[in-house]
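**Student:** next input, structure requested:
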Amino acid sequence: MTEITAHHGLFRDTTLHVDDTGGPGRPVVLIHGWPLSGESWKYQVPALAEVGYRVITYDRRGFGRSDKPLLKYSYDTLAEDLHVLLTELDLRDVTLVGFSMGGGEVARYFGTYGPERLRSIVFASSVTPYLMYSGDNPDGPLAKKQAADMGASLTKDKDAFYDEFVTEFFSADGELKVTGTQWREARELCDQADKKAALTCLTLFGTTDFRDDLAKITVPTLVLHGDTDATVPFAGSGARTHAAIPGSTLHLVTGGPHGVNVSHADEWNRALLDFLAR
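**Tutor:** Numbering: from 1, shown residues only. Presented below is the predicted three-dimensional model:
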C-alpha cells in the first residue's frame with residue numbers, strides 16, 4: 001500500500017491510494033469501474049500475482065480511499081492521474097486493464113501519452129467508444145433521458161440508487177449472477193464514493209467521445225465483455241471497440257453481466273492470462 005500525489009493544488013494536493021504487489025514481474029495496472037474502488041479487483045489480484053505479475057490497483061480520485069477534491073473531474077485529468085502513477089512507480093512494459101469507466105481512462109491515456117510505457121491494453125466491459133446516443137453516434141446505447149434519470153435518482157436517494165445499480169451490475173436476463181456476499185461487497189464500495197464525484201463522473205463517462213483515442217491505438221488489445229451486460233451493452237460498446245481497433249482480440253463471456261470479472265471470475269481471469277502470455 002502506498003500513496004501518490006497526482007495533483008499539486010494551490011491549497012491542497014490530491015493523493016491517490018495505490019496497492020502494489022511488488023515483485024520483478026511485468027506490471028499489470030487494473031483500473032476500476034464506477035462507483036467502486038481498487039478493492040473491486042479482489043478476484044484478479046491474487047490470480048495475476050500467483051503467476052508472477054506485478055499487480056497495481058488504485059482508487060480513482062473521488063472514490064474509495066483516495067482524496068475527494070471538489071473539482072478536476074475530466075478524462076484528461078483522470079488520464080493525467082494514471083500517467084503520474086506510471087511515472088512515479090517507473091512502470092514500463094505495462095498492460096493497462098480498464099473496466100467500464102476505467103476503459104475510458106485507458107483510451108484517453110493512449111490518445112494523450114501514446115505507447116511509450118505500454119505493452120498492451122485491455123478494455124473490459126468498457127464504456128468506449130462513446131455511450132451517448134446522438135445524431136453523429138446513432139449506435140450509442142445511452143439515451144439522454146436515461147442518463148438524466150440516473151443522475152436524478154442518484155441525487156434524490158443514493159442508497160436506493162446504488163441498491164438497484166449493483167443488482168443490475170451483476171444481473172443477466174434479470175437473474176442475479178453473484179452470491180449475496182459478493183453483492184454486499186460491491187454495494188459497500190459504492191458508499192466510499194463521494195456523491196459529487198459520483199454524479200460528475202456519471203455524466204462524464206456517458207458523454208465522453210473516445211473514438212479519436214481508439215483510432216490511435218497501436219499496441220495489442222483485448223476486448224473482454226459479458227454478452228448479457230445490461231449496464232454497458234456489448235453491441236453498443238465492446239463490439240464497436242473491437243471493430244475500431246484493427247487486430248484486437250475479442251473474448252465474449254456467455255451469460256456474463258456487467259460485473260463479469262466477479263460473476264465469471266475463472267473464465268475472465270483465464271482470458272486475461274492467455275492474452276498476457278502472448
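
**Student:** buried residues in the host helix or strand of Ala239?
**Tutor:** For Ala239, the element it lies in under DSSP states H and E is helix 238-244. Within helix 238-244, the residues that qualify as buried are Gly238, Ala239, Arg240, Thr241, His242, Ala244, counting by 16 or more other CB atoms under 10 Å. In this view, the C-beta of every residue, glycine as well, is placed from N, C-alpha and C.

**Student:** closest one of those to Pro27?
**Tutor:** The shortest gap between Pro27 and any of these belongs to Thr241, at 22.9 Å (CB to CB).

**Student:** helix, strand, or coil at Pro35?
**Tutor:** Following DSSP: H, G, I helix; E, B strand; the rest coil, we place Pro35 in the coil state.

**Student:** please export the C-alpha coordinates of the helix holding Ala239 as PDB.
**Tutor:** Once non-C-alpha atoms are left out, helix 238-244 reads as follows in PDB (Å, rounded to 0.1, in the frame of the first residue of the first chain):
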ATOM      1  CA  GLY A 238     -17.500  -3.800 -26.700                       C
ATOM      2  CA  ALA A 239     -18.400  -4.800 -30.200                       C
ATOM      3  CA  ARG A 240     -17.700  -1.300 -31.500                       C
ATOM      4  CA  THR A 241     -14.500  -1.000 -29.600                       C
ATOM      5  CA  HIS A 242     -13.300  -4.300 -31.100                       C
ATOM      6  CA  ALA A 243     -14.200  -3.100 -34.600                       C
ATOM      7  CA  ALA A 244     -12.400   0.200 -34.000                       C
END
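
**Student:** now the helix or strand just after that helix: how far from the chain's centre is it?
**Tutor:** Proceeding N to C from helix 238-244, the next assigned helix or strand is strand 249-253, under DSSP H and E. Centroid separation for strand 249-253 versus its chain: 17 Å, with CA atoms, centre = their mean, to the nearest Å.

**Student:** now do strand 249-253: which elements does it pack against?
**Tutor:** Helices and strands touching strand 249-253, by 3 or more CB pairs under 8 Å, 6 or more residues apart in numbering; DSSP states H and E, are strand 221-226, helix 238-244, helix 265-276.

**Student:** just put those in JSON lines and tack on mean pLDDT and distance to Phe165.
**Tutor:** JSON lines is the format used below for the helices and strands packed on strand 249-253 (pLDDT from 0 to 100; distance: least, CB to CB, whole Å):
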{"stretch": "strand 221-226", "mean pLDDT": "98", "distance to Phe165": "16"}
{"stretch": "helix 238-244", "mean pLDDT": "98", "distance to Phe165": "20"}
{"stretch": "helix 265-276", "mean pLDDT": "98", "distance to Phe165": "20"}
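
**Student:** deepest-packed of these, please.
**Tutor:** Among the helices and strands packed on strand 249-253, ranked by average contacts under mean count of other CB atoms under 10 Å, first place goes to strand 221-226 (a mean of 26).

**Student:** residues in contact with the spatially closest residue to His251 that is not a sequence neighbour?
**Tutor:** Excluding its sequence neighbours, the residue lying closest to His251 (CB to CB, 6 or more residues apart in numbering) is Ala271, at 4.1 Å. Contact analysis of Ala271 by CB atoms under 8 Å, 6 or more residues apart in numbering lists Leu222, Leu224, His251, Val253.
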